[in-house]
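Q: Just need the structure, nothing else, for what follows:
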Amino acid sequence: METPGRLRMMILRLAHALTSGAILLVFSEGFFWARPLPGMLPPDGLATFLAYAAAAYVFLTLVGAFRIRSLPALFLAGAAYGWLVEGVIVQTMYDELPLSISFTGLAWHALISVLLGWYALPLTLRRGRRPSTSALASGVGLAYGLWALWWWTEEPPAASLPDFAVFTFGCTLLLAVAYGVAARLPPVSFRPSRRESIGALCLVGAYFLVVAVPSRPVALAILPPLALVLWAALRRNARCETQPDLLAWLGTQPPPRLADLLCLGCLPLAATLVYGLAGVLGARPMTGWVLYTLSVPAGFGLLIGSVVAILRKKPLPVRTQPASIGNEVEVS
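A: Numbers count the residues shown, from 1 in each chain. Sure, this is the predicted structure:
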């Protein structure tokens, strides 16, 4: 029987996973497709959201269990999240090897969804610097609006201007709510017991073997070695990191105020302005190829650089090493 304390911790972990899942859903699906596809709308949208919440739970567990605080370690956790989505839940990771290892797992999910959407943008919000928040949101909106133009040439028909505006404002509203709620949730440890960790790994492994491998047999030769590299690097990180993980640290930061969240309105305004202006001018720039050309090598480079940066760290003495999956694991 679960004690009240453990049950409360479990509920809080689920709440954090749901809010992080909503953030990752907006950046990984909404801003990627730039239009309302059937899988994003009710009732199918609920299943998509729950899938991202489950992926977020795994991601947050990595952040807590491996004491992730630095950007290199966060990128590797983002890589795990991206490969979980693209290599296990769906199997697009194996469509155009080896470039598909980076795009979209590293180049979009880890770099954009995690580093930008889950970390940089909410951190700016929490600091309460509204000009900085407005500038960053405008920059994201500008880049997103340019990316959205790609769908006019790659996979038409793209969204009309009114549909794009409604969709983008809706995504931003969901994002603002998720940021606001996540910042007001009590902090919670995402360091599961060894039993919980093994159970989660068994569930992911079973899905991988039953669903992903029969669909893409090559997955068996691709994903396990990559996962082993991530595990080795993150285990090293847990033995070297002296600071509280990002979840614990963010829990000490003040939540954003309503005025701060309203600054996110610059994102859909900038995106809609770019999208509408391109429509008036009849411009169809090949923005997708630009992003692909830049982000694919960036994803590989950040992966290698992050692994090297962590492996160069000097481990703490064994007696002073904090609890982690790679060592002893705290029971919440």
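Q: Against residue 77, how distant is residue 118?
A: Per CB to CB, to the nearest Å, residue 118 is found 10 Å from residue 77. From N, CA and C alone the C-beta is placed, and that goes for glycine too.
Q: sorry, that was for residue 178
A: 19 Å.
Q: Which one's more surrounded, the two?
A: More neighbours surround residue 77 than the other of residue 178 and residue 77, with 26 against 22 (other CB atoms under 10 Å).
Q: Please name the nearest non-neighbouring residue to the residue most central in space within the chain.
A: Centrality entry for the chain: nearest residue to the mean C-alpha point is residue 114, 3.5 Å, by CA atoms, centre = their mean. Spatial nearest neighbour of residue 114, chain neighbours left out: residue 78 (3.3 Å); criterion: CB to CB, 6 or more residues apart in numbering.
Q: Quick check: which element contains that neighbour?
A: For residue 78, the host element (DSSP states H and E) is helix 71-84.
Q: returning to that earlier point: my guess is the residue nearest to the centre of the chain contacts residue 81. True?
A: Yes. Under the criterion of CB atoms under 8 Å, residue 114 makes contact with residue 81 at 6.3 Å.
Q: hey, what's in contact with both of these two?
A: Common neighbours of residue 114 and residue 81, using CB atoms under 8 Å, 6 or more residues apart in numbering, are 24, 59.
Q: What about the residue nearest to residue 114, how many residues nearby?
A: Using other CB under 10 Å, the number of residues around residue 78 comes to 31.
Q: what residues does the host helix or strand of residue 164 touch?
A: Using DSSP H and E, the element containing residue 164 is helix 161-184. By CB under 8 Å, 6+ apart, the residues outside helix 161-184 that reach it are 16, 19-20, 22-23, 25-26, 30-31, 34-36, 117, 121-122, 125-126, 141, 144, 148, 158-159, 250, 253, 255-256, 261-262, 264-265, 267-268, 271-272, 275-276, 279.
Q: go on, stretch 291-309?
A: Applying CB under 8 Å, 6+ apart, the contact partners of stretch 291-309 are 70-73, 75-76, 79, 99, 101-103, 105-108, 110-111, 147, 150, 229, 233.
Q: Just the mean pLDDT for the one helix or strand residue 232 maps to, thanks.
A: Element membership for residue 232, per DSSP H and E: helix 219-240. Per-residue pLDDT values across helix 219-240 average out to 96.
Q: tell me how far it is from the chain's mean position?
A: Distance of helix 219-240 from its chain centroid, counting by CA atoms, centre = their mean, to the nearest Å, is 18 Å.
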